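Enquirer: okay, structure incoming, though there's no sequence with it:
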């Protein structure tokens, strides 16, 4: 999506690959020496032995299924998958899965873990900077609390990558952040290396409810006018960026983020429920030349799968939430499978510290309802909703979201068919490192949970 | 019609044989399994016969004949689900105040407020609950002005104007929100609660005029009196261990109170005391995070530890979004996850059927037994499996519609639909 006709974007592409997120810091295109990037990811997976999993029922996340397959992990990456006999190096851990289901790790593109952490006290309310409808300048990562107990419970549910974003009070909420689900003292230690930034946007009821009596927007018309005015400002800023006129001291954080969307580097994740509003937003994308990477919630996406497919826009949905707002009144349980059957990119998301723990059950419900309505979706295809499609929606599919040779060994081994209420995640690997093991009790515990009632490892009830 | 039949004929062969299109006199259900929730247990390959709305037999007689036969290799027949804690029928769209009758912020009345006067049987969430297998619910008026929400009711989900089973079935107290809504501290909430109970206990001598009470208006004290003798359960929301001990302590002064604690997130810490005091609980087995300082001890096996200690435990779905109205149909998922956390299937299933029914004095609504009016659900598999579906619903002997707004939206937008009618005409 990166436009290739300016020196800025050519340099940005290579700088982005090397140092992550702060290419805007060295704006002087003549200067070959890069300044140290700020807020860069410090995530480095631990060394781990090779792992050879045999005799597993494998879903690869891109529609493939092996009833009795093997998986070899070397140096934290998928080395081989399928029907093969491996030549094992010394020290390889061998696991006979005995038919256990093995899948790519769960990816949740809509989480407020860390920014609306438990305990849900006022001091932890960091998901919305509800001081203005336009806060494109804030970054969710600056509010994430890595000690949120919810991260460990999500890991126990098989979540290996998650995307934390601002809430939906604002029209432009701020940048989201993609995280590896690993315990860390710092946010930087969780940041997904080289993941693109995202911009959270919101349409519909929330912004006008929050700001209606506080200077606006007070209507959906007002929502749109605000978006468009700001895209126009962003276009002006992007022009200056492209000409090298934005030197240090002239940066405008708000417009920097918006210009990043226009250049295709920042992926729009937009909270939007109603079919007609999503259609309008797609047209606004055409007006300003940007793509909506993914709608979120998209409760009425089942009404417009053709429009989503044409735009190449994903829809991140729930299996069955409805009725809490007017814009969610028409929710149906077949939303995800109907979008999928319509040829569009369908995925599950949680928007819940509880729901994130059972996303496999959420897609199971949707899958069953879709097939009862006459669709014939395989489990292998349905697993796309929880792995490859979310990875694509947030721009990390090149390294994760499926079990393919060369990709990160983000893997879950389940206690049974994951399309079941009774199944639990037994083992969870990140980059080939075992991070959760139900049998041995291997599970991180946040600082907050230390010394709390019931927190002893033996009594945690897992 | 095509889509209707598709959704009815679910994979495994399910045949529906009718001899007449008029209302059937007798219905024979030939199943893979009947779950009775009685001493008869589960009946493999069971056959259940309904005549004139009453269950006349539950056995294994595969030769039974009737006006209408429902038969299928994977069918399970069970009592209908009973939601122990809901706002069903009190709200259409949560965020729209005009459609939301869950609590009353402005009015002075508290205990005398009845959910029954806010309840709308035509609420959209009722049909969705019914076709999801929930056929009875306890409807709770939430507390807002002080800790008393008012009188709750028991309803069926038949969606008719005669769906009220009991218009004044229990009284709801939100003690967990106490420090917010009564005086700013738990101490203030408990002082208020004790004053209120004393007002009710001394009602006859205390009230000359409407404001003679220490805590309650006369009419509210009169309503609270109904709970003192134990005829009307007191549903008290509380999560923190010490709060539950303080609530148990109320029985020292009022031994006949029938208290049921809603929430009990830290119930595992005081399970023995709850069992000894004969206090039942309603818990959500999916709550395992320290959502607040009242719930630091939340854990997935809370429900198992409570049951193991002998505490009468019902399962509710409050932690799911919509889990108190729009998504009561997720009760089986909550119960199934409790099985994954260590309960037996029977324990978990009773917790969403017989146990809540019995808590409110309607045990027969949670059981299948010959002689009773038919209140049951037919599923196409294990009801606690999230991939199973409801095939048919019978409430008080009458077969219910399996249509709702959502099935109609589904049918209109189903991508397998053929034809080129504009959407608005489908």
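Expert: In hand now; what should we look at? Fair warning: this is a prediction, and the values are worked out from it, not measured in the lab.
Enquirer: list the buried ones in stretch A:293-308?
Expert: For stretch A:293-308, the buried set under the neighbour-count rule, 16 or more other Cβ atoms under 10 Å in any protein chain shown, comprises A:293-305, A:307-308. Where you see a C-beta, it was placed from the backbone N, CA and C, and this is true even at glycine.
Enquirer: and stretch B:167-179, by the same measure?
Expert: Quick answer for stretch B:167-179 (16+ other Cβ under 10 Å): B:167-178.
Enquirer: mind checking how far that stretch is from the chain centre?
Expert: 16 Å (Cα atoms, centre = their mean, to the nearest Å).
Enquirer: ok, and does it reach over to chain A?
Expert: No - judged by Cβ under 8 Å from any Cβ of the partner chain, stretch B:167-179 makes no contact with chain A; its nearest approach is 13.2 Å.
Enquirer: for the record, mean pLDDT for that stretch?
Expert: For stretch B:167-179, the per-residue pLDDT values average out at 87.
Enquirer: quick one on the thing from earlier: what about the buried residues of stretch A:293-308, which are in helices?
Expert: Among the buried residues of stretch A:293-308, DSSP state H puts A:305, A:307-308 in helices.
Enquirer: restrict these to those near chain B?
Expert: residue A:305.
Enquirer: in JSON lines, list the ones in helices among the buried residues of stretch A:293-308 along with pLDDT and distance to residue B:284.
Expert: Shown next, in JSON lines, are these (pLDDT from 0 to 100; distance: Cβ to Cβ, whole Å):
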{"residue": "A:305", "pLDDT": "98", "distance to residue B:284": "34"}
{"residue": "A:307", "pLDDT": "98", "distance to residue B:284": "38"}
{"residue": "A:308", "pLDDT": "98", "distance to residue B:284": "35"}
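Enquirer: thinking again about what came up before, so which of the buried residues of stretch B:167-179 is the closest to residue A:382?
Expert: Using Cβ to Cβ, residue B:176 comes nearest to residue A:382 of these, at 38.5 Å.
Enquirer: the closest one contacts residue B:238, correct?
Expert: Yes - Residue B:176 lies in contact with residue B:238 (Cβ atoms under 8 Å); the separation is 5.0 Å.
Enquirer: between those two, which contacts overlap?
Expert: Taking Cβ atoms under 8 Å, 6 or more residues apart in numbering or on different chains as the criterion, residue B:176 and residue B:238 both touch residue B:263.
Enquirer: which residues of chain A fall in helices?
Expert: Under DSSP H, chain A gives helices at A:7-19, A:150-156, A:205-211, A:220-242, A:253-262, A:275-288, A:305-311, A:335-341, A:359-372, A:379-382, A:388-393.
Enquirer: next: the stretch 201-350 of chain B.
Expert: B:203-206, B:218-228, B:241-253, B:271-276, B:302-308, B:331-340, B:345-350 (DSSP state H, counting those that start in this stretch).
Enquirer: single out the most deeply packed of these.
Expert: helix B:331-340 (a mean of 26; mean count of other Cβ atoms under 10 Å in any protein chain shown).
Enquirer: off-centre distance for it?
Expert: 15 Å.
Enquirer: near chain A at all, it?
Expert: Yes - applying Cβ under 8 Å from any Cβ, one finds helix B:331-340 in contact with chain A at B:332-333, B:336-337, B:339-340.
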